[in-house]
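Chemist: okay, predicted coordinates and the sequence, questions at the end:
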Amino acid sequence: MQPSPSAAQPDPDSRQLRRVAVSGLLGTTVEFYDFLVYGTVAALVFGDLFFPQADPAVGTIAAFGTFAAGYLARPLGGIVFGHFGDRIGRKSMMLLTMVLMGLGSFLIGLLPTYDAIGVWAPILLVALRVVQGIAIGGEWGGAMLMVVEHAERTQGSRRGLWSSFTQLGAPLGSVLSAGVVTLVAGLPDDDFRSWGWRVPFLLSIVLLAVGLFVRLKVAESPLFAQAKREPVDKPPIVELLRRPKPVLLAACVGIGAFTTQSLLTSFMISYAVDNGYTRPQVLTAVTVASCVALAVLPAASALSDRVGRRPVVLAGALASAALAFPVLALVDSGSPGLLILALALGHGVAQSTMYGPLGALLTEMFGTRVRYTGASLGYQAATLVGAGFSPLIAGSLLASYGGGSTPVSLLLCVGAAITAVTVWRLRETHTDALDSPAATPTLEGTPR
């Protein structure tokens, strides 16, 4: 006699969803850990170690220029990994991007400086940043799509909440990177400059090992497996270029979140240290803000499942614009307590409210057979403009105008305004099914 199925028996789809969610969390944690470690260390010592012939201000700008180089490569990674992810599958691309990300960061920790090998030091640094950027260009899309597409089968009405696991990698990576850099930044200055700065990069190999272990146990997206049976005539990028509006909208809607994230984390470390704060004080403020984000991100994502993606993202953009000048005024006060408050409000609350629902929103803007390419390209274009160039622009403006926080506040307002205007034009998508085969218009008032 066969045993009757038990109601308490674990649902395989739900178990797989949890595994995929952890995999997405680990992937974006590695992503943001690697990039934020670079941004932090670049702000502290890379100008001297890799560009020692430059004026101090120019050296800092050059260090952030290599930061931007990684972002320049991201859209290329979105196209390459998106193409194969839409043709071959999500899982294999997720494994490859994680390996390239982790190894790129590890190798930066082994790089000789300018004093050892001359001009080859900055050349190799830029080359590794480009490799990282290409890998990261494909990482977010694969991780996010796997979570959202698996959630569609079991908990489609809670796609936003489940997508927040992938988004949580941003503040978690920030907490880890700030914590590790804080430990090594407490070393004597000579030790930090000679070997201490390498430790955070070398430790990324641990995150890589854990992430790969989890990802090897993840099953392919069921929506992709279903869509793969349908014939496809053109590469995904060709389909998207024929109808580029969804990609452009996806890029614009994310600019505010990434401008705020970049200016109030990586750039703020350099800015605050130059204005009299100690490195531990600034890193503590970034860590507290990231801890606040760990609570706000899932709350904003869950709220978007109830009221829609648009109102939540719009609220975050308006809050970011409203707080832009007050936040920088608090930073300029010179008080460590007010610095913590400033970053907690600007980054922990306003930025996280914009960023939380972004993953679900972008995946809902594209059909299954072009979703990896479309969501990745839109997301990475937003990071390029919002996060890649904003520290470089802010540093250049401060150097040109002799200091003052007004340029930084204005950049925050511009980024938030782009997101607010774009999301106002978008059509709500939180109740849409994800099984559409092709890219579709997403403007307000147009059918999906």
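Modeler: Arrived safely. Computed from a predicted model, the values in this text were never measured in an experiment.

Chemist: switch to C-alpha atoms for all contacts and neighbour counts from now on
Modeler: Noted.

Chemist: after the helix or strand encompassing Ser163, heading C-terminal, what element do we hit next?
Modeler: Element membership for Ser163 (DSSP states H and E) is helix 159-167. With elements assigned by DSSP H and E, the helix or strand that comes after helix 159-167 is helix 169-185.

Chemist: which helices and strands sit right next to the helix or strand where Pro75 lies?
Modeler: For Pro75, the host element (DSSP H and E) is helix 74-87. Contact analysis of helix 74-87 by 3 or more CA pairs under 8 Å, 6 or more residues apart in numbering; DSSP states H and E lists helix 90-108, helix 120-155, helix 236-242, helix 371-383 as its packing neighbours.

Chemist: put together TSV for those, with distance to Thr182 on each row.
Modeler: Listed next are the helices and strands packed on helix 74-87 as TSV, based on distance: least, CA to CA, whole Å:
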stretch	distance to Thr182
helix 90-108	18
helix 120-155	23
helix 236-242	42
helix 371-383	26
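
Chemist: need these in JSON lines with mean pLDDT, can you?
Modeler: Listed next are the helices and strands packed on helix 74-87 as JSON lines, based on pLDDT from 0 to 100:
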{"stretch": "helix 90-108", "mean pLDDT": "87"}
{"stretch": "helix 120-155", "mean pLDDT": "82"}
{"stretch": "helix 236-242", "mean pLDDT": "83"}
{"stretch": "helix 371-383", "mean pLDDT": "88"}
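
Chemist: in the chain, which helix or strand is least confident?
Modeler: Scoring the helices and strands of the chain by mean pLDDT, DSSP states H and E places helix 56-72 at the bottom, with a mean of 64.

Chemist: run through the neighbouring helices and strands of the helix holding Ser163.
Modeler: With contacts taken as 3+ CA pairs under 8 Å, 6+ apart, helix 159-167 sits against helix 12-41, helix 120-155, helix 279-307, helix 358-364.

Chemist: show me which positions of the third one end up buried.
Modeler: Residues of helix 279-307 classed as buried by neighbour count (16 or more other CA atoms under 10 Å): 279-294, 296-305.

Chemist: ok now that helix, how far from the chain's centre?
Modeler: Computed by CA atoms, centre = their mean, to the nearest Å, the chain-centroid distance of helix 279-307 equals 14 Å.

Chemist: tell me which helix or strand comes right after that helix.
Modeler: Going down the chain from helix 279-307, the next helix or strand is helix 309-332, by DSSP H and E.

Chemist: residues of that following helix that come out buried?
Modeler: Buried residues in helix 309-332, counted by 16+ other CA under 10 Å: 309-314, 316-325, 327-332.

Chemist: helices or strands up against it?
Modeler: By 3+ CA pairs under 8 Å, 6+ apart, helix 309-332 packs against helix 245-263, helix 279-307, helix 336-343, helix 352-355, helix 358-364, helix 406-425.

Chemist: could you give the angle of it to helix 336-343?
Modeler: Calculated by axes from the mean of the first three to the mean of the last three CA atoms, to 10 degrees, helix 309-332 forms an angle of 160 degrees with helix 336-343.

Chemist: please begin residue numbering at 529 from this point
Modeler: Noted, 529 is the first residue going forward, which turns the last one into helix 837-860.

Chemist: relative to helix 934-953, how tilted is helix 837-860?
Modeler: Relative orientation of helix 837-860 versus helix 934-953 (the same axes, to 10 degrees): 170 degrees.

Chemist: and helix 837-860 with helix 807-835, angle?
Modeler: Counting by the same axes, to 10 degrees, helix 837-860 lies at 160 degrees to helix 807-835.

Chemist: let me see the mean pLDDT of helix 837-860.
Modeler: Averaged across helix 837-860, pLDDT comes to 96.

Chemist: swap in stretch 798-810?
Modeler: Model confidence over stretch 798-810, given as mean pLDDT, is 87.

Chemist: quick one: distance of it to the chain centre.
Modeler: Relative to its chain's centre, stretch 798-810 lies at 24 Å (CA atoms, centre = their mean).

Chemist: now stretch 671-684
Modeler: Using CA atoms, centre = their mean, the mean C-alpha position of stretch 671-684 is found 19 Å from that of the whole chain.

Chemist: same question for stretch 847-859.
Modeler: 22 Å.

Chemist: could you dump it to CSV, C-alpha only?
Modeler: Only the C-alpha atoms of stretch 847-859 are listed here, as CSV (Å, rounded to 0.1, in the frame of the first residue of the first chain):
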residue,chain,number,x,y,z
ALA,A,847,12.5,61.7,-0.3
SER,A,848,16.0,61.6,-1.8
ALA,A,849,15.6,65.0,-3.5
ALA,A,850,14.1,66.6,-0.4
LEU,A,851,16.9,65.3,1.8
ALA,A,852,19.8,66.2,-0.6
PHE,A,853,20.7,69.5,0.9
PRO,A,854,19.9,68.7,4.6
VAL,A,855,22.0,65.5,4.4
LEU,A,856,25.1,67.3,3.2
ALA,A,857,24.5,70.1,5.7
LEU,A,858,24.6,67.4,8.5
VAL,A,859,27.8,66.0,7.0
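
Chemist: what does it rub up against?
Modeler: With contact meaning CA atoms under 8 Å, 6 or more residues apart in numbering, stretch 847-859 is reached by 788, 800, 866-867, 869-871, 873-874, 878-879, 933-934, 936-938, 940-942, 944-945.

Chemist: again, only using 7 Å
Modeler: Residues outside stretch 847-859 that contact it (CA atoms under 7 Å, 6 or more residues apart in numbering) are Leu866, Leu867, Ala870, Gly874, Ala878, Gln879, Ser933, Ser937, Leu940, Cys941, Ala944.

Chemist: cool, and stretch 721-729?
Modeler: Residues from elsewhere that reach stretch 721-729, judged by CA under 7 Å, 6+ apart: Val565, Val569, Val573, Ser633, Phe634, Ile636, Gly637, Val708, Val709, Val712.

Chemist: residues contacting the fifth one?
Modeler: It refers to Phe634. Phe634 makes contacts with Phe729, Leu730, Ser732, Ile733, as judged by CA under 7 Å, 6+ apart.

Chemist: mind doing that once more with 6 Å?
Modeler: By CA atoms under 6 Å, 6 or more residues apart in numbering, Phe634 lies in contact with Phe729, Leu730.

Chemist: what's the answer for the first one, then?
Modeler: Applying CA under 6 Å, 6+ apart, we find Val565 in contact with Ser705.

Chemist: contact partners for Val841?
Modeler: With contact set as CA under 6 Å, 6+ apart, Val841 has these partners: Met882.
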